[in-house]
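Asker: generate coordinates for the sequence data below:
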Amino acid sequence: IEQTHRKERFISMSEFTALCEADGQISESGLFLEYLHNTGVVFHTSLLADRIILDQVWAIDAIYTLFQRDSISIDIRESDGQFTISQLNRWHWGRRYSEAEQKLFLGFMKACEMCFALKATSDDSAPIYFVPEFAPAWRENDSNLSDDPEHTLVVRYDHRIFHETIARKFIVRVGRSYGKNANYFRDAVEFQSEDRTARARVNWHKHIAEDRLRGVIEVAVQGNRAQSRVELLQAARQELQDLFHRQLNVKEFLSADGGLHFVERSMLEMQREDGNRTVRATDNTKCAVSEFDIFFQEEGRHKMDDSE
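Answerer: Numbers count the residues shown, from 1 in each chain. Predicted structure coming up:
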């Protein structure tokens, strides 16, 4: 592999298998490839088809050089974060990289959750891709959610150290599930349940109380049908928690009245375990513990489908 790396930027699966067979000591080329990927020696996922990237620095440079060029950034911003591979070819990649290499870079971007296929053009041969970083910012009047506290559940995640990458990856995951059937922004996304009886908005912001590292992600779900609200909320929460992974210093707050009163989840769980009937919200308002039972229904059972 090391000798091949010096000569080639990427290889096919069949070439990799042949190298393993030539070595004579590797009986499971698939497991060996997984090991090399997990240890950062090579990069490979199903989104790269049968290609394996040997020189990751080369691929990363191709992608970041593209988006760091002011003229290209302006073009993508003016298209609300949308682009096609033919545009990237025309703007920059075509002067330096082959068609096969460009497709490889795009697969790398999708695998790293930098973008997703939003929709196809009329001939279904040239997908339009969306990159959250260059989309317009969300505004209050963009929201499809109304002022309806009785039918709105809200979950707020307070991050002591907030990385926007998490939020942008969440947009990509929504995009892979919902495609053009959602509204996308740089700092928010809105989508609805399959039966259209519940709507969700996930948005975030930084710079809380002069602390530039801190940030908040807020999930609001609204709808007249309780079960649809729960399923959509839990799907969004599960996806976000997968992205948080083992991050420390993330506090979860719950609101059963559209964001009027928030209760810290850890405090609520303590009151539930002790059999108490009331819990204090962050503004010291006394709330009934039973109001929050809906947040604990079917946790972990719902997740967004990934169609890519």
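Asker: got the buried residues for the longest strand belonging to the chain?
Answerer: Longest among the strand segments of the chain by residue count, using DSSP state E, is strand 211-222. Of the residues in strand 211-222, those scored as buried under the neighbour-count criterion (16 or more other CB atoms under 10 Å) are 214-222. For every residue, glycine as well, the C-beta is placed using N, CA and C.
Asker: and that strand, what does it pack against?
Answerer: If contacts are counted by 3 or more CB pairs under 8 Å, 6 or more residues apart in numbering; DSSP states H and E, strand 211-222 sits against strand 152-159, helix 164-178, strand 199-208, helix 226-244.
Asker: circling back: just the buried residues of strand 211-222 now: which is nearest V202?
Answerer: Set against V202, the nearest of the buried residues of strand 211-222 by CB to CB is V219 (5.1 Å).
Asker: in contact with the residue nearest to the closest one when sequence neighbours are not counted, which residues?
Answerer: Distances taken as CB to CB, 6 or more residues apart in numbering place V155 nearest to V219, at 4.5 Å, with adjacent residues excluded. Under the criterion of CB atoms under 8 Å, 6 or more residues apart in numbering, the contact list for V155 reads 218-219, 233, 237, 252-255, 295.
Asker: bridging residues for V155?
Answerer: V219, L254 (DSSP bridges).
Asker: quick check: buried residues in the helix or strand where E15 lies?
Answerer: Using DSSP states H and E, E15 falls within helix 13-23. Applying a neighbour-count criterion of 16+ other CB under 10 Å, one finds 13, 16-17, 19-20 buried in helix 13-23.
Asker: same question for stretch 27-36.
Answerer: Applying a neighbour-count criterion of 16+ other CB under 10 Å, the buried positions in stretch 27-36 are 29, 32-33, 36.
Asker: that older thread, contacts for the helix holding E15 next, please.
Answerer: The contact list for helix 13-23 (CB under 8 Å, 6+ apart) reads 1, 4, 11, 26, 29, 32-33, 50-52.
Asker: returning to that earlier point: so which of the helices and strands packed on strand 211-222 gets nearest I63?
Answerer: Comparing the helices and strands packed on strand 211-222 by their distance to I63 (CB to CB), the top pick is helix 164-178, with 14.4 Å.
Asker: what's downstream of that closest one, the next helix or strand?
Answerer: Where DSSP H and E defines the elements, the next helix or strand beyond helix 164-178 is strand 183-184.
Asker: next SSE after that following strand?
Answerer: In N-to-C order, the element after strand 183-184 by DSSP H and E is strand 188-192.
Asker: can you check what angle separates that following strand from strand 211-222?
Answerer: Between the axis of strand 188-192 and that of strand 211-222 there is an angle of 10 degrees, by axes from the mean of the first three to the mean of the last three CA atoms, to 10 degrees.
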